[in-house]
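Chemist: Quick one, fold the following:
(2 chains)
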Amino acid sequence: GNSVTQMEGPVTLSEEAFLTINCTYTATGYPSLFWYVQYPGEGLQLLLKATKADDKGSNKGFEATYRKETTSFHLEKGSVQVSDSAVYFCALSGSGGSNYKLTFGKGTLLTVNP
Amino acid sequence: GAGVSQSPSNKVTEKGKDVELRCDPISGHTALYWYRQSLGQGLEFLIYFQGNSAPDKSGLPSDRFSAERTGGSVSTLTIQRTQQEDSAVYLCASRRDRERLPLHFGNGTRLTVT
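Modeler: Down below sits the predicted model:
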């Protein structure tokens, strides 16, 4: 079945530091890939997505590139802010008959200190 | 409404009691999902509705868990004879159809079984 593995946290950075959260996946066919973010006390929100190989999703200064050759979708941001403190989830939506279901990683807690 | 609404936001119950959790999806969204978020476990898929039918119930952890959806809108997740291991945040999500659009999440119901 489909699975997502993301780096375990927590990750603690200082403001303006560079962020990478690794995500790799296992899936058949051509899944779509997502990063969701959960701010304290809130539900999950879509941060960015990519639907085919070599696509780059971007939003709010975050980027992730769909790498089929390495089955990866690493999240990056060049300069984090305190307001980026949240839990980040990598997810995939399968192709074909299983495209209705999102499979999530376990989440990575990011804390950004001033 | 503007987003997915879940109620109650918090529920504390005694072991052995039954609980009902409610989800109001975004109007017009035919696909509805329940996930469970436990500490250290990430998001665990429970059940998927397309309209009023549930073609995938594979994530329900035991026969104490059930869910229904009426009128293609509101869904209720019922947990009978609650156990302490049921303590978690239960998240509902919806989207317009089963295809590759992102899910929209509610803020969840935090269930604590004492």
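Chemist: Is chain A within reach of stretch B:22-29?
Modeler: No - judged by Cβ under 8 Å from any Cβ of the partner chain, stretch B:22-29 and chain A are separated, with a smallest distance of 11.4 Å. For glycine as for every other residue, the C-beta is placed from the backbone atoms N, C-alpha and C.
Chemist: What residues of that stretch count as buried?
Modeler: For stretch B:22-29, the neighbour count (16 or more other Cβ atoms under 10 Å in any protein chain shown) marks B:Cys23, B:Asp24, B:Pro25, B:Ile26, B:His29 as buried.
Chemist: In strands, which of these fall?
Modeler: The members of the buried residues of stretch B:22-29 that map onto strands under DSSP state E are B:Cys23, B:Asp24.
Chemist: I'd say A:Ser32 and A:Asp55 touch.
Modeler: No - contact between A:Ser32 and A:Asp55 fails when scored by Cβ atoms under 8 Å: they sit 9.2 Å apart.
Chemist: who has more neighbours, these two?
Modeler: Using other Cβ atoms under 10 Å in any protein chain shown, the more surrounded residue of A:Ser32 and A:Asp55 is A:Ser32, with 23 against 14.
Chemist: any idea how far that one lies from A:Gln81?
Modeler: Distance, A:Ser32 to A:Gln81, by Cβ to Cβ, to the nearest Å: 28 Å.
Chemist: In the chain, where is pLDDT below threshold?
Modeler: Since no chain was named, I'll use chain A. Across chain A, the ranges flagged by pLDDT under 70 are A:96-98.
Chemist: actually it's chain B I care about, not the one you picked
Modeler: For chain B, the ranges with pLDDT under 70 are B:1, B:98-100.
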